[in-house]
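Asks: just to be clear, the model below is a prediction. Sequence and coordinates:
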Amino acid sequence: MANKNLGNAKTAKNDEFYTQLADINKEMLAYLDYNPDVFRDKTILMPCDDPEWSNFTRYFALNFQLFGIKKLISTSYAPDAKAAKYGVQPPLFPEDEQDPKFDRDKWQTHGRIFVLDRDINGDNRIDIDDLRWEYLDGDGDFRSREITQLRNEADFIITNPPFSLFREFLKWIIDGGKQFSVIGNMNAITYKEVFPLLMNNKAWLGATGNGCDMVFGVPEGATVAEKDRQKAERLGYKGNYTRLGNSCWFTSIEHGKRHQPLPLMTMADNIKFSRHKDIRGLEYQHYDNYDAIEVPHTDAIPSDYDGVMGVPISFLDKYCPEQFKIVNANDYRKSKNVRLKPHGLIKDKEATITTPGDQNAEREYEQLMQESASSELLAPGSDGWHINGKRKYARIFIRKLL
């Protein structure tokens, strides 16, 4: 049901998931533990971040001086833009009309910008009470020139972007060359826009919450499965909350967890002692069409195997770049007849075996290589990973360094 919720965010454009302070705090503390000055004298931008609902602005405003932040900027979408783009109509906040800056001609069509960079109220500290706001010229879309200029000013982009626009949002960040920490769907690992960043150590998973239950607030009236609402209540959140079990942090901010080597057993010890029945007492299997072995569980990676191994995408939560190197699966095909898919991961249910015949193999291979620009880094589940003719789920190829 958690994965169904994430899917609905894509199809129904229901992207209103509000991150909890506790989850933000755990992730940010991991960065601060690694580098206590990571945010010092830096500008942090939080686009797509309605401060009336979101906790990101609240969190960094409350810790502005503690972290030594130079400037905090958050922007929100106009209500009309939310309704048109995401199918969500936020309620009118009564305090808006009481604010001297409230403009009845703008509040529906213009986004807002919130800035914190100095003591406004004269209490000799900079905190959430010093946030000031004004209307944006546009609706607050992160793709606009107005918000892009704010991106160019910032050092960090930190937010929970609309899940349905995750690919585009991440590209927008990368194009600006900014460090970031954003929440997304674990399945985004397999996107052709995302995986090359992970392979080349330009991005990695965050320190917390990866593949575990995270609780998110939702707007009044949002559809929440009863099972997920009850799970959120058991986790201490009662009311307009849901839980998502397939969410994770994508980041380019260093944290200590990613530099902790994974404890491993030798291949012989895995075969003898592994808790997994598909490993214990059996040999590691080789793929039919890739020069690599299948390792179906991260904790079953053999410490003494120097060849290429196919591991689950959940391996990335344990990935230590000093211990392993992620390699391009295309480089380990046993034959050029193994067709490449230019659009990334193909799940088992979506296709049959598509290895072309000998006569057309070379031509199709060259054409697909040009289309994919050698960026097809994950072997496609139903087209590439076979053991004794049986299709396997997609895997990441790795090679041991240590």
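Replies: On my side now, so go ahead.
Asks: show the contacting residues for L264.
Replies: 299, 301-303 (Cβ atoms under 8 Å, 6 or more residues apart in numbering). Every residue, glycine included, has its C-beta placed from N, CA and C.
Asks: could I get the residues you listed as JSON lines with secondary structure and pLDDT?
Replies: Listed next are the contacts of L264 as JSON lines, based on DSSP: H, G, I helix; E, B strand; the rest coil; pLDDT from 0 to 100:
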{"residue": "D299", "secondary structure": "helix", "pLDDT": "96"}
{"residue": "I301", "secondary structure": "coil", "pLDDT": "97"}
{"residue": "P302", "secondary structure": "coil", "pLDDT": "97"}
{"residue": "S303", "secondary structure": "coil", "pLDDT": "97"}
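Asks: and the residues you listed, which is closest to K277?
Replies: Nearest to K277 among those is D299, at 13.8 Å by Cβ to Cβ.
Asks: can you pull the poorly scored residue ranges out of the stretch 251-400 of the chain?
Replies: Counting by pLDDT under 70, the stretch 251-400 of the chain contains low-confidence ranges at 338-394.
Asks: the strands in it, which residues?
Replies: Using DSSP state E, counting those that start in this stretch, the strands of the stretch 251-400 of the chain run over residues 293-294, 308-311, 324-326, 386-387, 390-391, 396-400.
Asks: mean neighbour count, those strands: which tops it?
Replies: strand 308-311 (a mean of 24; mean count of other Cβ atoms under 10 Å).
Asks: quick one: contacts of it?
Replies: 287, 290-295, 298, 301-302, 327, 329, 332, 379, 385, 392, 395-400.
Asks: could you rerun that using 6 Å?
Replies: Contact partners of strand 308-311, identified using Cβ atoms under 6 Å, 6 or more residues apart in numbering, comprise 292-295, 332, 395-399.
Asks: and those residues as CSV, adding distance to E27?
Replies: Shown next, in CSV, are these (distance: Cβ to Cβ, whole Å):
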residue, distance to E27
A292, 33
I293, 34
E294, 32
V295, 28
Y332, 34
R395, 27
I396, 23
F397, 28
I398, 25
R399, 29
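Asks: I'd like to know how far the residue nearest to F315 when sequence neighbours are not counted sits from K257.
Replies: Nearest residue to F315 in three dimensions, chain neighbours excluded: T298, at 4.6 Å (Cβ to Cβ, 6 or more residues apart in numbering). Using Cβ to Cβ, to the nearest Å, one gets 14 Å for the distance from T298 to K257.
Asks: likewise A225?
Replies: 31 Å.
Asks: same question, W249
Replies: 11 Å.
Asks: averaged pLDDT, stretch 186-195. What do you get?
Replies: Stretch 186-195 shows a mean pLDDT of 85.
Asks: begin at 33 from here
Replies: With the count now opening at 33, the last piece we talked about shows up as stretch 218-227.
Asks: endpoint to endpoint, that stretch covers what distance?
Replies: 11 Å (Cα to Cα, to the nearest Å).
Asks: can you list the domain ranges for this protein.
Replies: The record's domain parsing of the chain by automatic domain parsing lists 34-289, 292-432.
Asks: circling back: and W281 and K289? Which one has more around it.
Replies: Under the criterion of other Cβ atoms under 10 Å, the comparison of W281 against K289 puts W281 first, with 26 against 19.
Asks: what sits against the more buried one?
Replies: Residues in contact with W281 (Cβ under 6 Å, 6+ apart) are 59, 213, 215, 238.
Asks: do E178 as well
Replies: 168-170.
Asks: quick check: buried residues in the strand or helix carrying it?
Replies: In the assignment (DSSP states H and E), E178 maps to helix 177-185. By 16 or more other Cβ atoms under 10 Å, the buried positions in helix 177-185 come out as 178-180, 182-183.
Asks: what's the following helix or strand after it?
Replies: Counting by DSSP H and E, the next helix or strand C-terminal to helix 177-185 is strand 188-191.
Asks: list the contacts of the following helix or strand past that following strand.
Replies: Using DSSP H and E, the helix or strand that follows strand 188-191 in sequence is helix 198-207. Applying Cβ under 6 Å, 6+ apart, the contact partners of helix 198-207 are 189, 193, 212, 216, 220, 223, 225.
Asks: name the nearest residue to the fourth one, sequence neighbours excluded.
Replies: In other words, G216. Excluding the flanking residues, the one nearest G216 by Cβ to Cβ, 6+ apart is F198, at 4.8 Å.
Asks: what number of residues lie near the one you found?
Replies: Neighbour count of F198, defined by other Cβ under 10 Å: 23.
Asks: same question for L202.
Replies: L202, neighbours per other Cβ under 10 Å, totals 22.
Asks: and it, how far is that from N278?
Replies: From L202 over to N278 the distance is 17 Å, taken as Cβ to Cβ.
Asks: over to V147?
Replies: Using Cβ to Cβ, which is the criterion applied here, V147 is 34 Å from N278.
Asks: among those two, which residue is more densely surrounded?
Replies: N278 (20 against 16).
Asks: gap between the more buried one and T191?
Replies: Distance, N278 to T191, by Cβ to Cβ: 19 Å.
Asks: who's in contact with the closest residue to K138 other than its chain neighbours?
Replies: Excluding its sequence neighbours, the residue lying closest to K138 (Cβ to Cβ, 6+ apart) is Y167, at 4.9 Å. By Cβ under 6 Å, 6+ apart, Y167 lies in contact with 138, 142, 144.
Asks: isn't the second one right up against A110?
Replies: Yes: using Cβ atoms under 6 Å, H142 makes contact with A110 at a distance of 5.3 Å.
Asks: can you get me a residue count around F99?
Replies: Counted with other Cβ under 10 Å, F99 comes out at 21.
Asks: circling back to that earlier point, pull out the buried members of the contacts of E178.
Replies: 168, 170.
Asks: in strands, which of the contacts of E178 fall?
Replies: Applying DSSP state E to the contacts of E178, no entry is found in strands.
Asks: the stretch 33-182 of the chain: helices as residue ranges?
Replies: Using DSSP state H, counting those that start in this stretch, the helices of the stretch 33-182 of the chain run over 34-43, 53-66, 87-94, 96-99, 111-118, 126-130, 177-185.
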